[in-house]
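K.L.:
sequence-free structure coming up:
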């Protein structure tokens, strides 16, 4: 087993997603990585093979995450949320290859599994790798919450030194996810993203064969039927989830 942890950041108000999320995680990833769940309070829908790390729900995201990740000893981690629902098998062979790349190149802090769609990255290959591309810290969204293989201590440092903000706000530019790029610049971090020719999904990102997931299953607290109706519909039926309580987000992406 590789020295990689899977970190799931969630909150009890989204516990109605847990059976679906963890069920698909077991189906398409299994027990390959040690799993940690960062949460304010848990229940029996969190599987027993996960280590639950509780955070103070009165704190802001930056404080919550910092307190939890300090308890993760693995050298590398993959960080996801409970609405990143897998719909196909994870490509462990590619994750193992990217792990080797990061071992060979200690300057790298992360390899993102998803190509972003908001800003044209320029598609500059990293060294001789034909599926890895450099990210520029001079552009917005160098840091994002998208699925990536991280050096755990670098991800921790971003949160420890980052702004005391929640992960997302209505005023997006005052959210942790947006402001953390400046922290990465100050820390002189270097990151890559992989791309295998996957199609674009909506405005913000492309699909990924490495970690094929619904990103994200919730938009404004509603089920994301605008971008993932084809993937979500059979899963919601399979897990007997009624969309009425949350509603369906059907706006054009």
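P.N.:
Looks like it came in fine. Just so we're clear, the structure is a prediction, and the values are computed from it rather than from any experiment.
K.L.:
Pass me the low-pLDDT residue ranges in this protein, would you?
P.N.:
Applying pLDDT under 70 to the chain flags the ranges 1, 120-123, 168-170, 172, 251-253.
K.L.:
Would you map the helices across it?
P.N.:
Per DSSP state H, the chain carries helices over the ranges 18-28, 61-69, 92-104, 152-161, 176-187, 225-238.
K.L.:
how close does the nearest residue to residue 139 once chain neighbours are set aside get to residue 154?
P.N.:
Using C-beta to C-beta, 6 or more residues apart in numbering and skipping the chain neighbours, the partner closest in space to residue 139 is residue 119 (5.5 Å). No exception for glycine: its C-beta is placed from N, CA and C like everyone else's. As judged by C-beta to C-beta, to the nearest Å, residue 119 and residue 154 stand 22 Å apart.
K.L.:
Then residue 212?
P.N.:
Using C-beta to C-beta, we find residue 212 at a distance of 25 Å from residue 154.
K.L.:
cool, residue 81 as well?
P.N.:
Taken as C-beta to C-beta, the span from residue 81 to residue 154 is 19 Å.
K.L.:
Same drill for these two, tell me which one is more crowded.
P.N.:
More crowded of residue 81 and residue 154, by other C-beta atoms under 10 Å: residue 81, with 22 against 18.
K.L.:
State the phi and psi torsions of the closest residue to residue 92 other than its chain neighbours.
P.N.:
Among residues not flanking residue 92 along the chain, residue 32 sits closest, at 6.1 Å (C-beta to C-beta, 6+ apart). Dihedral pair for residue 32: phi -70, psi -30, per degrees, to the nearest 10.
K.L.:
Look up how far residue 99 lies from residue 32.
P.N.:
12 Å.
K.L.:
Now for the closest residue in space to residue 186 that isn't next to it in sequence: which residues touch it?
P.N.:
For residue 186, ignoring the flanking residues on the chain, the nearest one in space by C-beta to C-beta, 6+ apart is residue 161 at 7.7 Å. For residue 161, the contact set (C-beta atoms under 8 Å, 6 or more residues apart in numbering) comprises 183, 186-187.
K.L.:
want to try CSV for these, with distance to residue 14 and neighbour count as columns?
P.N.:
Output for those, formatted as CSV (distance: C-beta to C-beta, whole Å; neighbours: other C-beta atoms under 10 Å):
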residue, distance to residue 14, neighbour count
183, 26, 19
186, 32, 12
187, 30, 15
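K.L.:
could I get these as TSV with distance to residue 136?
P.N.:
Rendered in TSV, the data for these read as follows (distance: C-beta to C-beta, whole Å):
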residue	distance to residue 136
183	16
186	15
187	15
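K.L.:
Can you tell me which of the residues you listed comes closest to residue 56?
P.N.:
residue 183 (22.1 Å; C-beta to C-beta).
K.L.:
Please name the residues that touch the closest one.
P.N.:
143, 158, 161-163.
K.L.:
likewise residue 177?
P.N.:
Per C-beta under 8 Å, 6+ apart, neighbours of residue 177: 143-145, 167-168.
K.L.:
ok, now residue 232?
P.N.:
85, 214, 217, 223-225.
K.L.:
how about 10 Å then?
P.N.:
Contacts of residue 232 were listed using C-beta atoms under 10 Å, 6 or more residues apart in numbering, and they are 20, 85, 87, 214, 217, 223-225, 241, 243, 248.
K.L.:
Which ones among these map onto strands?
P.N.:
Secondary structure assignment by DSSP state E places 85, 214, 223-224, 248 of the contacts of residue 232 in strands.
K.L.:
Of those - the most surrounded one?
P.N.:
Of those, with other C-beta under 10 Å as the count, residue 85 tops at 28 neighbours.
K.L.:
Verify the stated contact: it with residue 19.
P.N.:
No. Checked against C-beta atoms under 10 Å, the pair residue 85 and residue 19 is beyond contact range at 11.1 Å.
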